[in-house]
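Engineer: I'll drop the sequence and a predicted model, then ask my questions.
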Amino acid sequence: MLKVSFLSSSLFLALLSFFFTNCEKSGKIQKPNVLLICVDDLRPELNSFGVDYIQSPNIDALVSRSVSFSRHYVNAPSCGPSRYTLLTGQYGPPSNNALFIRSEKIAEGSEKIDPSMPEWFRSNGYTTVSVGKVSHHPGGRGGEDWDDENVIEMPNAWDQHLMPVGEWQHPRGMMHGLAHGEIRVKASDMDVYQAAEGDDRIYPDGLMMEEALSQLSSLAENKEEPFFLAVGIIRPHLPFGAPRSYYEPYKNIELPATPHPEKPDGQTTWHRSGEFMNYNRWGKDPNEDSLFAIEVRKHYAACVSYADAQVGKILKELKRTGADKNTIVVLWGDHGWHLGEHAIWGKHSLFEESLNSPLVIHYPGMENQGIQTKSMVATVDIFPTLCDLTGLEIPAFTQGESLVPIIDNPETPGHPAFGYFRNAKTIRTDTHRMILHNDGFVELYDHRSSAKETQNVARDNPELVARLSTLLGEKLK
(Lines give C-alpha, C1' and ligand atoms only; values in the text may rest on other atoms or scores of the structure.)
Protein backbone atom coordinates (compact mmCIF):
# COMPACT_ATOMS: atom_id res chain seq x y z
CA MET A 1 0.00 0.00 0.00
CA LEU A 2 1.36 3.42 -0.93
CA LYS A 3 0.82 6.86 0.47
CA VAL A 4 0.10 9.32 -2.32
CA SER A 5 1.07 12.92 -1.75
CA PHE A 6 -0.66 15.97 -3.17
CA LEU A 7 1.49 18.96 -4.03
CA SER A 8 0.32 22.44 -3.22
CA SER A 9 -0.80 24.39 -6.26
CA SER A 10 2.18 26.75 -6.34
CA LEU A 11 4.69 23.94 -5.98
CA PHE A 12 2.88 21.87 -8.60
CA LEU A 13 3.03 24.71 -11.12
CA ALA A 14 6.70 25.31 -10.40
CA LEU A 15 7.54 21.65 -10.88
CA LEU A 16 5.54 21.49 -14.10
CA SER A 17 7.45 24.49 -15.36
CA PHE A 18 10.86 22.93 -14.98
CA PHE A 19 9.63 19.52 -16.17
CA PHE A 20 8.51 21.03 -19.47
CA THR A 21 11.63 23.12 -19.95
CA ASN A 22 13.55 19.83 -19.99
CA CYS A 23 11.36 17.94 -22.46
CA GLU A 24 13.14 16.03 -25.20
CA LYS A 25 12.18 16.24 -28.86
CA SER A 26 10.42 12.93 -28.36
CA GLY A 27 7.96 14.74 -26.15
CA LYS A 28 9.00 12.91 -23.00
CA ILE A 29 8.97 14.79 -19.74
CA GLN A 30 12.08 14.02 -17.70
CA LYS A 31 11.63 13.75 -13.97
CA PRO A 32 13.78 16.08 -11.90
CA ASN A 33 17.21 14.87 -10.90
CA VAL A 34 18.34 14.66 -7.28
CA LEU A 35 21.71 15.80 -5.93
CA LEU A 36 22.10 14.77 -2.30
CA ILE A 37 25.15 16.23 -0.52
CA CYS A 38 26.01 14.60 2.81
CA VAL A 39 28.52 16.32 5.10
CA ASP A 40 30.04 14.38 7.99
CA ASP A 41 29.99 15.75 11.56
CA LEU A 42 28.65 19.13 10.43
CA ARG A 43 26.86 21.02 13.16
CA PRO A 44 25.09 24.25 12.09
CA GLU A 45 28.52 25.93 12.10
CA LEU A 46 27.81 28.04 9.02
CA ASN A 47 27.57 31.75 8.38
CA SER A 48 24.07 31.33 6.94
CA PHE A 49 23.01 29.51 10.12
CA GLY A 50 24.11 32.41 12.33
CA VAL A 51 27.79 31.65 13.06
CA ASP A 52 29.19 34.86 11.67
CA TYR A 53 32.91 34.08 11.94
CA ILE A 54 32.63 31.01 9.70
CA GLN A 55 33.55 31.37 6.04
CA SER A 56 31.08 29.18 4.13
CA PRO A 57 30.28 31.18 0.97
CA ASN A 58 29.16 28.28 -1.19
CA ILE A 59 26.70 26.77 1.25
CA ASP A 60 25.54 30.28 2.12
CA ALA A 61 24.82 30.94 -1.57
CA LEU A 62 22.81 27.71 -1.73
CA VAL A 63 20.89 28.73 1.40
CA SER A 64 20.10 32.09 -0.21
CA ARG A 65 18.07 30.33 -2.92
CA SER A 66 16.65 27.54 -0.77
CA VAL A 67 14.50 26.79 2.24
CA SER A 68 16.79 25.86 5.14
CA PHE A 69 15.83 24.26 8.42
CA SER A 70 17.45 25.63 11.58
CA ARG A 71 15.69 23.02 13.71
CA HIS A 72 16.50 19.87 11.82
CA TYR A 73 17.33 16.90 14.06
CA VAL A 74 18.95 13.58 13.28
CA ASN A 75 17.74 10.38 14.90
CA ALA A 76 21.13 9.36 16.28
CA PRO A 77 24.39 11.15 17.16
CA SER A 78 26.53 8.74 15.16
CA CYS A 79 27.22 8.27 11.46
CA GLY A 80 25.88 4.76 10.89
CA PRO A 81 22.42 4.96 12.45
CA SER A 82 21.86 8.51 11.19
CA ARG A 83 22.65 7.50 7.61
CA TYR A 84 20.49 4.40 8.01
CA THR A 85 17.50 6.64 8.61
CA LEU A 86 18.40 9.05 5.81
CA LEU A 87 18.71 6.19 3.31
CA THR A 88 15.78 4.05 4.44
CA GLY A 89 13.25 6.55 5.78
CA GLN A 90 12.98 4.41 8.90
CA TYR A 91 14.35 4.27 12.42
CA GLY A 92 16.82 1.45 12.86
CA PRO A 93 19.61 -0.04 14.98
CA PRO A 94 21.67 2.44 17.04
CA SER A 95 25.07 1.11 15.96
CA ASN A 96 27.42 2.18 13.17
CA ASN A 97 26.89 -1.16 11.40
CA ALA A 98 23.13 -0.55 11.13
CA LEU A 99 23.11 -0.79 7.33
CA PHE A 100 25.29 -3.90 7.37
CA ILE A 101 22.76 -5.53 9.72
CA ARG A 102 20.06 -4.69 7.18
CA SER A 103 22.26 -6.07 4.38
CA GLU A 104 22.70 -9.37 6.23
CA LYS A 105 18.94 -9.69 6.63
CA ILE A 106 18.49 -9.16 2.89
CA ALA A 107 21.06 -11.88 2.19
CA GLU A 108 19.36 -14.27 4.60
CA GLY A 109 15.97 -13.67 3.01
CA SER A 110 14.33 -14.53 6.29
CA GLU A 111 12.10 -11.44 6.35
CA LYS A 112 10.81 -8.79 4.01
CA ILE A 113 13.11 -5.78 3.94
CA ASP A 114 11.71 -2.56 2.54
CA PRO A 115 13.69 -0.94 -0.29
CA SER A 116 16.07 1.89 0.54
CA MET A 117 15.63 5.41 -0.83
CA PRO A 118 18.16 4.97 -3.67
CA GLU A 119 16.64 1.56 -4.50
CA TRP A 120 13.18 3.15 -4.62
CA PHE A 121 14.40 5.81 -7.03
CA ARG A 122 16.30 3.22 -9.05
CA SER A 123 13.14 1.11 -9.44
CA ASN A 124 11.38 4.24 -10.70
CA GLY A 125 13.78 4.84 -13.58
CA TYR A 126 16.60 6.78 -11.92
CA THR A 127 20.29 6.13 -12.40
CA THR A 128 21.65 6.03 -8.85
CA VAL A 129 25.29 6.81 -8.04
CA SER A 130 27.03 7.41 -4.74
CA VAL A 131 30.50 8.91 -4.38
CA GLY A 132 32.33 9.26 -1.06
CA LYS A 133 30.81 8.73 2.36
CA VAL A 134 27.09 8.35 1.80
CA SER A 135 26.43 5.23 3.83
CA HIS A 136 28.66 4.64 6.86
CA HIS A 137 31.58 3.20 4.87
CA PRO A 138 32.87 5.44 2.08
CA GLY A 139 32.23 3.49 -1.09
CA GLY A 140 29.64 1.28 0.61
CA ARG A 141 31.64 -1.90 1.17
CA GLY A 142 32.79 -3.90 4.17
CA GLY A 143 35.82 -6.00 4.91
CA GLU A 144 38.99 -5.12 6.76
CA ASP A 145 39.78 -2.13 4.55
CA TRP A 146 36.18 -1.42 3.51
CA ASP A 147 36.78 -2.53 -0.07
CA ASP A 148 35.43 -6.09 -0.14
CA GLU A 149 33.17 -6.45 -3.20
CA ASN A 150 31.41 -9.36 -1.49
CA VAL A 151 30.27 -7.27 1.49
CA ILE A 152 27.88 -4.61 0.23
CA GLU A 153 26.44 -2.11 2.69
CA MET A 154 23.34 -1.31 0.62
CA PRO A 155 22.35 -4.11 -1.76
CA ASN A 156 20.29 -3.13 -4.84
CA ALA A 157 20.69 0.58 -4.08
CA TRP A 158 23.31 1.97 -6.45
CA ASP A 159 24.16 1.54 -10.09
CA GLN A 160 27.61 2.64 -8.96
CA HIS A 161 28.98 3.22 -5.47
CA LEU A 162 32.42 4.76 -5.75
CA MET A 163 35.31 5.83 -3.55
CA PRO A 164 38.64 6.74 -5.15
CA VAL A 165 41.49 6.05 -2.74
CA GLY A 166 44.67 7.38 -4.34
CA GLU A 167 47.65 7.38 -2.01
CA TRP A 168 45.37 6.57 0.97
CA GLN A 169 45.27 2.98 -0.35
CA HIS A 170 41.71 2.02 0.56
CA PRO A 171 38.39 3.55 1.75
CA ARG A 172 39.28 2.97 5.40
CA GLY A 173 42.46 4.98 4.83
CA MET A 174 40.49 7.77 3.15
CA MET A 175 38.01 7.98 6.01
CA HIS A 176 40.62 8.93 8.61
CA GLY A 177 43.31 10.25 6.29
CA LEU A 178 45.54 13.29 6.67
CA ALA A 179 47.66 15.03 4.04
CA HIS A 180 49.70 13.18 1.44
CA GLY A 181 48.34 9.72 2.09
CA GLU A 182 48.78 9.54 5.87
CA ILE A 183 46.55 6.74 7.16
CA ARG A 184 45.34 6.20 10.70
CA VAL A 185 46.89 3.03 12.03
CA LYS A 186 46.91 3.93 15.70
CA ALA A 187 44.90 7.03 16.64
CA SER A 188 47.42 8.09 19.28
CA ASP A 189 50.09 8.36 16.55
CA MET A 190 47.94 10.68 14.39
CA ASP A 191 47.60 14.40 15.16
CA VAL A 192 44.10 15.48 16.10
CA TYR A 193 44.40 18.48 13.75
CA GLN A 194 46.61 19.51 10.87
CA ALA A 195 46.87 22.27 8.27
CA ALA A 196 49.37 21.26 5.58
CA GLU A 197 50.47 23.40 2.66
CA GLY A 198 48.97 22.42 -0.65
CA ASP A 199 45.82 22.37 -2.73
CA ASP A 200 42.55 20.59 -1.99
CA ARG A 201 43.79 17.29 -3.38
CA ILE A 202 46.36 16.71 -0.63
CA TYR A 203 43.43 15.66 1.63
CA PRO A 204 40.91 12.91 0.82
CA ASP A 205 37.91 15.08 -0.03
CA GLY A 206 39.77 16.81 -2.84
CA LEU A 207 40.35 13.50 -4.62
CA MET A 208 36.84 12.28 -3.86
CA MET A 209 35.30 15.43 -5.33
CA GLU A 210 37.15 14.96 -8.62
CA GLU A 211 35.33 11.64 -9.01
CA ALA A 212 32.03 13.25 -8.03
CA LEU A 213 32.46 15.95 -10.68
CA SER A 214 33.26 13.32 -13.31
CA GLN A 215 30.15 11.34 -12.40
CA LEU A 216 27.95 14.42 -12.45
CA SER A 217 29.25 15.39 -15.88
CA SER A 218 28.47 11.92 -17.27
CA LEU A 219 25.04 11.73 -15.63
CA ALA A 220 24.07 15.16 -16.94
CA GLU A 221 24.83 14.09 -20.51
CA ASN A 222 22.14 11.40 -20.37
CA LYS A 223 18.93 13.22 -21.22
CA GLU A 224 16.84 10.05 -21.24
CA GLU A 225 17.10 9.04 -17.58
CA PRO A 226 17.03 11.22 -14.46
CA PHE A 227 19.79 10.73 -11.94
CA PHE A 228 20.02 10.40 -8.19
CA LEU A 229 23.58 11.38 -7.29
CA ALA A 230 24.67 11.25 -3.64
CA VAL A 231 28.00 12.82 -2.71
CA GLY A 232 29.46 12.31 0.76
CA ILE A 233 32.05 14.80 2.05
CA ILE A 234 34.18 13.48 4.94
CA ARG A 235 35.30 16.71 6.59
CA PRO A 236 34.83 18.07 9.21
CA HIS A 237 35.09 14.54 10.63
CA LEU A 238 38.16 13.83 12.80
CA PRO A 239 41.06 14.24 12.40
CA PHE A 240 40.61 17.93 11.61
CA GLY A 241 42.87 18.16 8.57
CA ALA A 242 42.48 20.72 5.79
CA PRO A 243 44.85 22.67 3.52
CA ARG A 244 46.46 25.56 5.32
CA SER A 245 44.74 28.14 3.11
CA TYR A 246 41.46 27.26 4.86
CA TYR A 247 42.99 27.69 8.32
CA GLU A 248 44.60 31.08 7.64
CA PRO A 249 41.37 33.16 7.85
CA TYR A 250 40.83 31.84 11.39
CA LYS A 251 44.41 32.02 12.61
CA ASN A 252 44.19 35.39 14.35
CA ILE A 253 40.46 35.83 14.97
CA GLU A 254 38.86 35.97 18.38
CA LEU A 255 36.22 33.29 18.89
CA PRO A 256 33.13 33.74 21.05
CA ALA A 257 33.07 31.91 24.37
CA THR A 258 31.80 28.35 24.41
CA PRO A 259 28.36 28.20 26.08
CA HIS A 260 27.89 25.92 29.11
CA PRO A 261 31.37 24.32 28.97
CA GLU A 262 31.06 22.53 32.31
CA LYS A 263 30.57 18.81 32.73
CA PRO A 264 26.91 18.31 33.71
CA ASP A 265 25.97 17.10 37.18
CA GLY A 266 24.03 13.91 37.72
CA GLN A 267 23.12 11.21 35.21
CA THR A 268 23.22 12.34 31.59
CA THR A 269 24.50 11.06 28.28
CA TRP A 270 27.78 12.92 28.84
CA HIS A 271 30.84 10.92 27.79
CA ARG A 272 34.63 11.30 27.94
CA SER A 273 35.08 12.24 24.26
CA GLY A 274 36.95 9.01 23.65
CA GLU A 275 37.14 9.35 19.87
CA PHE A 276 38.73 12.79 20.15
CA MET A 277 40.94 12.04 23.14
CA ASN A 278 42.45 8.98 21.45
CA TYR A 279 44.28 11.15 18.92
CA ASN A 280 47.64 12.75 19.56
CA ARG A 281 46.89 15.95 21.48
CA TRP A 282 50.44 16.78 22.46
CA GLY A 283 49.51 16.10 26.07
CA LYS A 284 46.78 18.77 26.07
CA ASP A 285 43.16 18.56 27.20
CA PRO A 286 40.77 21.16 25.73
CA ASN A 287 38.66 21.07 28.89
CA GLU A 288 41.66 22.27 30.88
CA ASP A 289 43.65 24.25 28.32
CA SER A 290 41.63 27.14 26.90
CA LEU A 291 44.21 28.02 24.23
CA PHE A 292 44.22 24.46 22.96
CA ALA A 293 40.42 24.45 22.95
CA ILE A 294 40.46 27.55 20.75
CA GLU A 295 42.90 25.91 18.34
CA VAL A 296 40.66 22.86 18.08
CA ARG A 297 37.70 25.08 17.27
CA LYS A 298 39.70 26.97 14.63
CA HIS A 299 40.78 23.77 12.92
CA TYR A 300 37.18 22.52 12.96
CA ALA A 301 36.21 25.82 11.31
CA ALA A 302 38.95 25.34 8.69
CA CYS A 303 37.50 21.90 7.91
CA VAL A 304 34.04 23.42 7.53
CA SER A 305 35.45 25.92 5.01
CA TYR A 306 37.23 23.10 3.18
CA ALA A 307 34.00 21.10 3.01
CA ASP A 308 32.20 24.23 1.83
CA ALA A 309 34.68 24.56 -1.03
CA GLN A 310 33.86 21.01 -2.14
CA VAL A 311 30.15 21.88 -2.09
CA GLY A 312 30.98 24.87 -4.27
CA LYS A 313 32.70 22.64 -6.83
CA ILE A 314 29.78 20.27 -7.26
CA LEU A 315 27.24 23.10 -7.49
CA LYS A 316 29.42 24.90 -10.06
CA GLU A 317 29.60 21.73 -12.16
CA LEU A 318 25.85 21.25 -11.84
CA LYS A 319 25.34 24.71 -13.29
CA ARG A 320 27.99 24.22 -16.01
CA THR A 321 26.20 21.13 -17.29
CA GLY A 322 22.84 22.89 -17.32
CA ALA A 323 21.40 20.16 -15.11
CA ASP A 324 20.78 22.74 -12.39
CA LYS A 325 17.61 23.70 -14.26
CA ASN A 326 16.12 20.29 -13.49
CA THR A 327 17.80 19.17 -10.26
CA ILE A 328 16.64 19.14 -6.66
CA VAL A 329 19.54 19.80 -4.29
CA VAL A 330 19.58 18.64 -0.68
CA LEU A 331 22.45 19.43 1.68
CA TRP A 332 22.39 17.44 4.93
CA GLY A 333 24.65 17.17 7.96
CA ASP A 334 24.64 13.65 9.39
CA HIS A 335 24.64 14.92 13.00
CA GLY A 336 26.06 17.66 15.16
CA TRP A 337 29.31 17.85 17.13
CA HIS A 338 30.21 19.31 20.51
CA LEU A 339 32.99 21.88 20.55
CA GLY A 340 33.32 21.92 24.33
CA GLU A 341 29.66 22.37 25.27
CA HIS A 342 28.94 20.18 28.31
CA ALA A 343 32.71 19.48 28.33
CA ILE A 344 32.29 17.16 25.33
CA TRP A 345 34.50 17.14 22.22
CA GLY A 346 32.61 14.92 19.83
CA LYS A 347 29.12 13.59 19.19
CA HIS A 348 27.56 10.50 20.85
CA SER A 349 25.42 12.36 23.38
CA LEU A 350 21.70 13.10 23.25
CA PHE A 351 22.19 16.78 23.92
CA GLU A 352 21.16 19.41 21.37
CA GLU A 353 24.70 19.87 20.04
CA SER A 354 24.91 16.24 18.91
CA LEU A 355 21.49 16.04 17.26
CA ASN A 356 20.97 19.39 15.53
CA SER A 357 22.47 19.65 12.04
CA PRO A 358 21.91 21.69 8.87
CA LEU A 359 19.31 20.77 6.27
CA VAL A 360 18.92 22.78 3.05
CA ILE A 361 16.50 22.01 0.20
CA HIS A 362 16.43 23.73 -3.19
CA TYR A 363 14.57 23.02 -6.41
CA PRO A 364 14.35 25.09 -9.62
CA GLY A 365 11.61 27.66 -9.62
CA MET A 366 10.84 27.37 -5.93
CA GLU A 367 8.78 30.25 -4.63
CA ASN A 368 10.36 30.63 -1.20
CA GLN A 369 14.07 31.33 -1.50
CA GLY A 370 16.45 32.39 1.21
CA ILE A 371 14.00 31.52 3.97
CA GLN A 372 15.13 29.73 7.11
CA THR A 373 12.21 28.08 8.81
CA LYS A 374 12.03 27.32 12.52
CA SER A 375 9.67 24.42 11.93
CA MET A 376 11.00 21.31 13.64
CA VAL A 377 11.84 18.49 11.23
CA ALA A 378 13.92 15.32 11.17
CA THR A 379 16.17 13.28 8.90
CA VAL A 380 13.46 10.64 8.60
CA ASP A 381 11.47 13.21 6.58
CA ILE A 382 13.93 13.44 3.68
CA PHE A 383 12.91 10.23 1.85
CA PRO A 384 9.20 11.14 1.64
CA THR A 385 10.08 14.73 0.77
CA LEU A 386 12.18 13.72 -2.22
CA CYS A 387 9.43 11.41 -3.41
CA ASP A 388 6.98 14.27 -3.11
CA LEU A 389 9.21 16.71 -5.00
CA THR A 390 9.92 14.28 -7.83
CA GLY A 391 6.35 13.10 -8.22
CA LEU A 392 7.04 9.56 -7.03
CA GLU A 393 4.59 7.84 -4.74
CA ILE A 394 5.59 7.97 -1.10
CA PRO A 395 5.97 4.39 0.15
CA ALA A 396 3.86 3.51 3.16
CA PHE A 397 6.84 2.10 5.04
CA THR A 398 8.55 5.47 5.44
CA GLN A 399 8.20 6.81 8.98
CA GLY A 400 8.68 10.51 8.28
CA GLU A 401 6.56 13.25 6.74
CA SER A 402 6.97 15.17 3.52
CA LEU A 403 8.40 18.63 4.13
CA VAL A 404 6.71 20.06 1.03
CA PRO A 405 4.00 21.83 3.10
CA ILE A 406 6.76 23.60 5.07
CA ILE A 407 8.75 24.40 1.93
CA ASP A 408 5.60 25.87 0.42
CA ASN A 409 4.74 27.75 3.62
CA PRO A 410 7.67 28.00 6.06
CA GLU A 411 5.32 28.98 8.88
CA THR A 412 3.73 25.53 8.79
CA PRO A 413 4.32 23.73 12.10
CA GLY A 414 6.75 20.85 12.14
CA HIS A 415 6.66 17.84 14.45
CA PRO A 416 8.58 16.39 17.42
CA ALA A 417 11.94 14.81 16.66
CA PHE A 418 12.90 11.41 18.06
CA GLY A 419 16.34 10.01 18.67
CA TYR A 420 18.31 7.26 20.37
CA PHE A 421 21.80 6.06 21.14
CA ARG A 422 23.10 3.15 23.16
CA ASN A 423 21.28 3.22 26.51
CA ALA A 424 18.79 6.08 26.07
CA LYS A 425 16.29 7.67 23.71
CA THR A 426 15.01 11.20 23.36
CA ILE A 427 12.17 13.37 22.13
CA ARG A 428 12.59 17.03 21.18
CA THR A 429 9.42 19.10 21.14
CA ASP A 430 8.99 22.76 20.36
CA THR A 431 9.67 23.64 24.00
CA HIS A 432 11.42 20.71 25.70
CA ARG A 433 13.88 17.88 25.31
CA MET A 434 13.31 14.71 27.28
CA ILE A 435 15.89 11.93 27.51
CA LEU A 436 14.69 8.58 28.81
CA HIS A 437 17.44 6.20 29.92
CA ASN A 438 16.95 2.46 29.64
CA ASP A 439 17.16 2.18 33.43
CA GLY A 440 14.17 4.54 33.76
CA PHE A 441 16.04 7.72 34.69
CA VAL A 442 14.65 10.84 33.01
CA GLU A 443 16.24 14.11 31.94
CA LEU A 444 13.88 16.95 31.01
CA TYR A 445 15.11 20.30 29.74
CA ASP A 446 13.04 23.42 29.14
CA HIS A 447 14.23 25.28 26.04
CA ARG A 448 12.13 28.30 26.96
CA SER A 449 14.45 28.80 29.92
CA SER A 450 17.88 30.40 29.71
CA ALA A 451 19.21 27.28 31.42
CA LYS A 452 18.12 25.13 28.45
CA GLU A 453 19.95 21.78 28.67
CA THR A 454 21.87 22.51 31.85
CA GLN A 455 19.03 22.10 34.35
CA ASN A 456 17.02 18.89 34.68
CA VAL A 457 13.41 19.79 35.52
CA ALA A 458 11.93 16.30 35.28
CA ARG A 459 10.92 16.12 38.96
CA ASP A 460 8.89 19.32 38.63
CA ASN A 461 6.96 18.15 35.54
CA PRO A 462 5.68 14.59 36.08
CA GLU A 463 2.67 15.01 33.78
CA LEU A 464 4.81 16.25 30.91
CA VAL A 465 7.30 13.43 31.47
CA ALA A 466 4.47 10.89 31.33
CA ARG A 467 3.06 12.37 28.12
CA LEU A 468 6.42 12.52 26.36
CA SER A 469 7.28 9.01 27.52
CA THR A 470 4.10 7.77 25.86
CA LEU A 471 5.02 9.53 22.61
CA LEU A 472 8.50 8.00 22.71
CA GLY A 473 7.06 4.55 23.28
CA GLU A 474 4.65 4.90 20.38
CA LYS A 475 7.29 6.12 17.92
CA LEU A 476 10.35 4.10 18.97
CA LYS A 477 8.94 0.68 19.76
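Structural biologist: On my side now, so go ahead.

Engineer: CA only for contacts and neighbour counts going forward, please
Structural biologist: Will do.

Engineer: remind me which residues of the stretch 351-477 of the chain are low pLDDT?
Structural biologist: Nowhere does the stretch 351-477 of the chain drop to pLDDT under 70.

Engineer: next secondary structure after the helix ranked longest in the chain?
Structural biologist: Longest helix in the chain, counting residues (DSSP state H): helix 290-321. Using DSSP states H and E, the helix or strand that follows helix 290-321 towards the C-terminus is strand 327-333.

Engineer: how far does that next one sit from its chain's centre?
Structural biologist: Here strand 327-333 shows a centroid-to-chain-centroid distance of 10 Å under the convention CA atoms, centre = their mean, to the nearest Å.

Engineer: partner strands of the next helix or strand after that strand, with direction?
Structural biologist: Sequence order places strand 338-339 as the next helix or strand after strand 327-333, per DSSP H and E. If you go by DSSP bridges, strand 338-339 pairs up with strand 345-346 (antiparallel).

Engineer: what's the partner strand in contact with?
Structural biologist: Applying CA atoms under 8 Å, 6 or more residues apart in numbering, the external contacts of strand 345-346 come out as S273, E275, F276, W337, H338, L339, S354.

Engineer: output those residues in CSV; the columns should cover neighbour count and distance to V129.
Structural biologist: Shown next, in CSV, are the contacts of strand 345-346 (neighbours: other CA atoms under 10 Å; distance: CA to CA, whole Å):
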residue, neighbour count, distance to V129
S273, 17, 34
E275, 14, 30
F276, 18, 32
W337, 30, 28
H338, 24, 32
L339, 23, 33
S354, 26, 29
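
Engineer: JSON lines for those, including distance to P384?
Structural biologist: JSON lines is the format used below for the contacts of strand 345-346 (distance: CA to CA, whole Å):
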{"residue": "S273", "distance to P384": "34"}
{"residue": "E275", "distance to P384": "33"}
{"residue": "F276", "distance to P384": "35"}
{"residue": "W337", "distance to P384": "26"}
{"residue": "H338", "distance to P384": "29"}
{"residue": "L339", "distance to P384": "32"}
{"residue": "S354", "distance to P384": "24"}
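
Engineer: point out where the stretch 1-150 of the chain drops to low pLDDT.
Structural biologist: Ranges of the stretch 1-150 of the chain meeting pLDDT under 70: 1-28.

Engineer: can you rerun that using 50?
Structural biologist: Residues of the stretch 1-150 of the chain meeting the criterion pLDDT under 50: 1-10, 12-13, 16, 18-27.

Engineer: how about the strands in it?
Structural biologist: Taking DSSP state E, counting those that start in this stretch, the strands of the stretch 1-150 of the chain run over residues 2-3, 33-39, 67-69, 72-73, 127-132, 141-142, 148-152.

Engineer: out of the ones you listed, nearest to S349?
Structural biologist: Minimum separation from S349 across the strands of the stretch 1-150 of the chain (CA to CA) falls at strand 72-73, 13.2 Å.

Engineer: now for that closest one, which elements pack on it?
Structural biologist: Counting contacts by 3 or more CA pairs under 8 Å, 6 or more residues apart in numbering; DSSP states H and E, strand 72-73 is packed against strand 377-378.

Engineer: what strands line up against the strand it packs on, and which way round?
Structural biologist: When DSSP bridges is applied, strand 377-378 pairs with strand 72-73 (parallel).
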